[in-house]
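1. dropping a prediction and its sequence here:
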Amino acid sequence: MKKIIVALAFMALPGLTAASGGEGFHLQTAPIDLHNKASLQKGAKLFVNYCMGCHSLEHQRYNRMARDIGLTDEQVKENLIFTGAKVGDTMKNAMPKAEAKQWFGVVPPDLTLIARSRGVDYLYTYLLTFYQDATRPFGVNNAAFPNAGMPHVLWELQGMQKPVYKVHKDRDGHETKVLEGFELAQPGSMSPPEFKQAMADLVNFLAYVGEPIQLERQRIGIWVLLFLGLLCVVFYLLKKEYWKDVH
């Protein structure tokens, strides 16, 4: 646990905030399913255990989250709150902002809207594509975010993977080394499919946090469109009735 906390602290270093994906690297499609409450619950657990040491969700309340993802207030208190926060509080971490800025040079970003600002496919690919790189300060790089400043805080789950390159030649014979994939160099506590599912759950949770009302908005939106369609028919018939004597 101590190693995890130290690793999480480095997430607040300057330059580690999310950036646009690496050029030429294909983003994987995140299997988002906001109806899957089991996935959302697992994602919430991963977030509070591995991300919340540095990052907060300042616009999300614990009790609102509990209601939406199928948990009781008691379950949240026992399993998802590790500070003195109350179940009605927003999901802030215990790191003081003033001290954090002094320690790391920048306040760790709030991740409430990260899924909306960066996109779920980017987040999913970013979490899956850390690889060994001895030239980087923490010994890892990232395919979606080249030269990322943060360490691979989930390495104990995923293990460490090494890059697999392919050499491409252009018409003039110039060779270019392109990252093609990864090989598992050191296994983690999860198998590759298990880790991939875990990251899908984490991104699914962040997608929910970015817009908790999304499912309700979509449900209401269908009825609004049906109402507008019916209203158009009524207006059309009214128009025909009003103008029939004129024509």
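-> Received it, and whenever you're ready, just let me know what you need. Numbers count the residues shown, from 1 in each chain.

2. please make it C-alpha for all contacts and neighbour counts, starting now.
-> Fine.

3. shaky segments in the chain?
-> For the chain, the stretches flagged by pLDDT under 70 are 1-24, 103-105, 247.

4. how does it divide into domains?
-> With domains defined by automatic domain parsing, the chain comprises 2-212, 214-247.

5. quick one, which of the ones you listed is packed in tightest?
-> domain 2-212 (a mean of 17; mean count of other C-alpha atoms under 10 Å).

6. next one: it to chain centre, how far?
-> Here domain 2-212 shows a centroid-to-chain-centroid distance of 6 Å under the convention C-alpha atoms, centre = their mean, to the nearest Å.

7. please enumerate the strands of the chain.
-> Taking DSSP state E as the test, the strands found in the chain are 57-61, 90-91, 130-132, 140-142, 159-169, 175-187.

8. where's Pro96 relative to Gly53, distance?
-> Separation of Pro96 from Gly53 (C-alpha to C-alpha, to the nearest Å) stands at 11 Å.

9. now the closest residue to Tyr126 other than its chain neighbours: how far from Asp110?
-> Spatial nearest neighbour of Tyr126, chain neighbours left out: Ala144 (5.1 Å); criterion: C-alpha to C-alpha, 6 or more residues apart in numbering. The spacing between Ala144 and Asp110, counted by C-alpha to C-alpha, is 20 Å.

10. contacting residues around the closest residue to Phe195 other than its chain neighbours?
-> Excluding the flanking residues, the one nearest Phe195 by C-alpha to C-alpha, 6+ apart is Gln158, at 5.9 Å. Contacts for Gln158 (C-alpha atoms under 8 Å, 6 or more residues apart in numbering) come out as Pro187, Gly188, Ser189, Met190, Ser191, Pro192, Phe195.
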